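1. Prediction below, plus the sequence it came from.
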Amino acid sequence: MTGPHPTRRVFLIGFMGAGKTTVGKALARRLKWKFYDLDEFIENRERTSIPNIFSSAGESAFRIIESAALMELLKTTELSNSIIALGGGTFVQEKNREILQRPGTITVLLDAPLEELERRCNIGPGGRPLAQDREKFRELFGKRREAYDHAQLRIQTAGKAIERVAKEIEVLLSRRESAGREVAK
Ligand code: S3P
């Protein structure tokens with residue numbers, strides 16, 4: 001893809017269970033772009049699992065690690081068009097949102113109703129650190145809505161197949177691309 005900015009990076013954001021990783025992989029395949037998953041990047045960087053980081057160091061330590069990993073991932077992807085799946089809480093930190101406001105960077109919210117996210121996540125002990133308890137999961141969902149509203153694009157994923165969501169994002173991106181070209185003329 002060509003356009004007003006040489007490198008494109010699309011960041012997928014959304015709550016746990018939104019499908020950031022699965023849709024991200026499908027989208028990267030369609031576009032023939034690279035795919036990165038911030039959670040996986042953190043686990044490789046720290047050489048341990050995310051649940052381990054939460055249980056040994058706590059959530060606030062995880063958030064510091066997450067921001068540092070995001071900065072590193074931005075450097076890693078500087079020269080290649082990439083799709084990057086963030087963690088459910090990454091975009092909630094204002095500092096991270098600011099880091100993502102740079103040319104060539106697009107943020108896409110994968111949205112779904114709470115009931116569907118609950119179905120997609122295995123809520124209960126042993127799962128994701130922040131999906132151990134249904135009440136807390138619901139509360140967190142409510143608290144994060146406002147932060148997620150800062151995404152540049154939004155896709156409703158309820159009841160849609162992964163490929164369909166990926167295709168819809170592809171269409172939105174190419175529309176943006178053509179609009180950008182009009183402006184750049
Ligand atoms: C988190 C979501 C997880 C992971 C960590 C914290 C969150 O990622 O980053 O457990 O704060 O919502 P997924 O959204 O990919 O599950």
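-> Structure received. Numbering: from 1, shown residues only.
2. Around the ligand, pick out the residues from the chain.
-> Met16, Lys20, Asp39, Ile50, Gly87, Gly88, Gly89, Arg128, Pro129, Leu130 (CB under 6 Å from any ligand atom). All C-beta spots, glycine's among them, are computed from the backbone N, C-alpha and C.
3. Strands - which of the residues you listed land there?
-> Nothing among those maps onto strands, per DSSP state E.
4. now for those, which pair is the farthest apart?
-> Of all pairs drawn from the residues of the chain next to the ligand, the widest gap by CB to CB lies between Lys20 and Pro129 and measures 16.4 Å.
5. For the chain, give me the ranges with low pLDDT.
-> The chain contains residues with pLDDT under 70 at 1-7, 182-185.
6. Would you state the helices of it in chain order?
-> 20-31, 38-46, 50-57, 59-76, 94-99, 114-120, 134-148, 162-184 (DSSP state H).
7. burial of Leu153, as a residue count?
-> Counted by other CB atoms under 10 Å, the residues lying close to Leu153 total 17.
8. Who is the closest residue to it other than its chain neighbours paired with across the strands?
-> Spatial nearest neighbour of Leu153, excluding adjacent residues (CB to CB, 6 or more residues apart in numbering): Val108 at 4.5 Å. Going by DSSP bridges, Val108 is paired in beta bridges with Leu12, Leu153.
9. I'd say Val108 and His150 touch.
-> No: Val108 is beyond contact range of His150, at 11.8 Å (criterion: CB atoms under 8 Å).
10. neighbour-wise, which of those two wins?
-> It is Val108, of Val108 and His150, that has more neighbours when counted by other CB under 10 Å, with 25 against 15.
11. How about the contacts made by the more buried one?
-> For Val108, the residues meeting the contact criterion (CB atoms under 8 Å, 6 or more residues apart in numbering) are Val10, Phe11, Leu12, Ile13, Ala151, Gln152, Leu153, Arg154, Ile155, Ile169, Leu172.
12. Next, find the distance separating the closest residue to the fifth one other than its chain neighbours from Ser174.
-> Nearest residue to Ala151, sequence neighbours excluded (CB to CB, 6+ apart): Leu109, at 3.6 Å. According to CB to CB, to the nearest Å, Leu109 stands 18 Å off from Ser174.
13. Nice, that's everything, thank you.
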